[in-house]
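Asks: let me see the structure of the following:
(chains A and B)
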Amino acid sequence: MPETRTDTREPEGLVQRLARDDVDRKRFLKMAGSGAAASFGAFVIAACGSSKKATTAATSSTSTASSGASGDIAIVNYALTLEYLETAFYEKVVQAGLFKGKVGALIKDFGAQEATHVEALKGTVMKLGGTPAAKPAAKFPIESANQVAELAYTVENLGAAAYLGQAAKIQNPEVLAAALAIHSVEARHAATLATLVKKSPTPDGAFAKPADMSTVLAAVKPFLV
Amino acid sequence: MTPMLNLDEIDRDGAVREAAEAVSGDTRLSFLKKAGIGGAAAMSGGAVLSALAPSAFALPAHGRPPAAFGKGDVGILNYALTLEYLEAAFYNGATLASLPLSPQGNAFLKTVAKDENAHVAFLKKALGRKAAAEPKFDFKGTNKNAEMFMKTAQVLENTGVHAYSGQALNIKTPAYVKAAVSILTVEARHASVIGLLNEGANPTGNAIAPDGPFDTPLTASKVLAAVKGTGFIV
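Replies: All right, here's what the predicted structure looks like:
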């Protein structure tokens, strides 16, 4: 089973991980639409960094790259990557034919909604003047109905938390509106799946917790081919 | 908009049904959907962006709550607090009524009562002396009857989603933006669970995500009009 975002260990910093592993960096840049960032450093800082130190370093070492638009582009591409993964997941699940009846219909519905999110986010990146992230090749363990439902629950919770983790960083109000409109639907998916697998629909209680980009990317890494 | 509620027998004055329709959202996005536009491929980013920022946001007031709630972030938090007071009181009343709910219905009630009371506590603490007083409520028996409870809860939770998403962009203090979005997520979770429970054996996904792939923000005036229409605040 992959790491979930409820893993309480301190995740290895994204920059350290990427610096160490050249393959990861190329994949990450490909994922995030490197055309939008003037430099890898600027991209990472704009997309993930929030420490004052990092931001100051970014402003002094980059020129226009850390403007609001490129930060937003990186965030939307990050969201797009997650939506691609969710769409691929649901496609594979539907193909496997594990679910019938009411649950089967729900799974199809969720997949269709994720596909709509993909289209919306692609268009958003382009409207912002960026290059949409490439669709990543994905692999998911599809073993049994229950295992898949639990994986769906994990993935949807992760998606909702990922959006929460970025909400405060988005500059453009229209992009924020789109992100919020999408993220609450991910939360609906997660809670519905929770009911089906008899887990809590509100795993964080009354206040949902955000997950930062490095945590989320670490959690989805096993699904990337 | 899919009419998810069938209240004819119980909702005699139609107040709850009207509220449900009122918060179905009449934004450009739902207009697009009704007009048959908006299949996945046709929904370009530009169309989504302009549809999701309702026309009200172009107005100077940005769909903010009226001045009576207070200025700036205080006003928005008091608006949220008022809605949370309503939800909490509704659920607390339902709890006291020991309704004959299904095990899942009871689990839902336990969760939402805990969460909404926590939301009230948080907002009151954040507002301190500026916190609005709790209104007087009369839920007109909707939390004393199991079937009415389930249907009304669905309306209330979705109203909460519309309300928070409608204001998130108006909040200035970053910590309050984070809190609002964190609460918004939870209201959406509540809404989908009660939607699923209400759909029973044949969930179509509509009650779980009544606005489809994008949840609709609503202006405060729209939400407040819907709430006023229920007559719950006396």
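Asks: any low-confidence regions in chain A?
Replies: A:1-67 (pLDDT under 70).
Asks: could you say which helix or strand contains whichever residue of it sits closest to chain B?
Replies: Closest residue of chain A to chain B, CB to the nearest CB: residue A:123 (2.0 Å). Bear in mind the C-beta positions are built from the backbone N, C-alpha and C, glycine included. Here residue A:123 is covered by helix A:101-127, with elements defined by DSSP states H and E.
Asks: list the buried residues of that helix.
Replies: Residues of helix A:101-127 classed as buried: A:102-103, A:106-107, A:109-127 (neighbour count, 16 or more other CB atoms under 10 Å in any protein chain shown).
Asks: for it, packing partners?
Replies: For helix A:101-127, the packing partners by 3 or more CB pairs under 8 Å, 6 or more residues apart in numbering or on different chains; DSSP states H and E come out as helix A:68-96, helix A:145-167, helix A:173-197, helix B:45-52.
Asks: residue contacts, the residue nearest to the spatial centre of chain A?
Replies: With distances taken as CA atoms, centre = their mean, residue A:82 lies nearest the centre of chain A, 3.5 Å away. Shown in contact with residue A:82 (CB atoms under 8 Å, 6 or more residues apart in numbering or on different chains): A:158, A:159, A:162, A:216, A:220.
Asks: same question for residue A:184.
Replies: B:161, B:165, B:184, B:185, B:187, B:188, B:215.
Asks: that one and residue A:148: what is the separation?
Replies: Residue A:184 sits 24 Å away from residue A:148, going by CB to CB, to the nearest Å.
Asks: could you do residue B:159 as well?
Replies: 33 Å.
Asks: now do residue A:221
Replies: 19 Å.
Asks: quick one, which of the two is more surrounded?
Replies: residue A:148 (22 against 14; other CB atoms under 10 Å in any protein chain shown).
Asks: isn't that one up against residue A:96?
Replies: Yes: shown here, residue A:148 and residue A:96 form a contact pair, counting by CB atoms under 8 Å, at 7.4 Å.
Asks: shared neighbours, the two?
Replies: residue A:142.
Asks: and the residue nearest the centre of chain B?
Replies: What sits nearest the mean C-alpha location of chain B, by CA atoms, centre = their mean, is residue B:159, with 1.6 Å.
Asks: after the helix or strand harbouring it, next one along is what?
Replies: Assigning secondary structure by DSSP H and E places residue B:159 in helix B:146-167. Elements were assigned by DSSP H and E; along the chain past helix B:146-167, the next helix or strand is helix B:174-199.
Asks: does anything pack onto whichever helix or strand comes after that next one? Which helices or strands?
Replies: Next helix or strand after helix B:174-199 toward the C-terminus (DSSP H and E): helix B:220-230. Contact here means 3+ CB pairs under 8 Å, 6+ apart; on that basis helix B:220-230 packs against helix B:15-22, helix B:72-96, helix B:146-167.
Asks: in stretch B:216-234, what counts as buried?
Replies: B:216-220, B:222-224, B:226-227, B:229-230, B:232.
Asks: then stretch B:65-74?
Replies: Those would be B:65, B:69, B:70, B:73, B:74, for stretch B:65-74 by 16+ other CB under 10 Å.
Asks: got the contact list for the last one?
Replies: What it means is residue B:74. With CB under 8 Å, 6+ apart, residue B:74 has these contacts: B:127, B:130.
Asks: now do it against residue A:74, distance only.
Replies: For residue B:74, the distance to residue A:74 - CB to CB - is 33 Å.
Asks: relative to residue B:83, how far out is residue B:233?
Replies: Look at residue B:233 and residue B:83: by CB to CB, they are 10 Å apart.
Asks: give the residues shared as contacts by the two.
Replies: The overlap between the contact sets of residue B:233 and residue B:83 (CB under 8 Å, 6+ apart) consists of residue B:227.
Asks: still on that earlier bit, go through the helices and strands packed on helix A:101-127 and pick out the most buried.
Replies: Among these, ranked by average contacts under mean count of other CB atoms under 10 Å in any protein chain shown, first place goes to helix A:173-197 (a mean of 26).
Asks: any part of the helix or strand just after it near chain B?
Replies: The helix or strand immediately downstream of helix A:173-197 is helix A:213-220, counting by DSSP H and E. No: residues of helix A:213-220 are not located near chain B by CB under 8 Å from any CB of the partner chain, the shortest gap being 15.1 Å.
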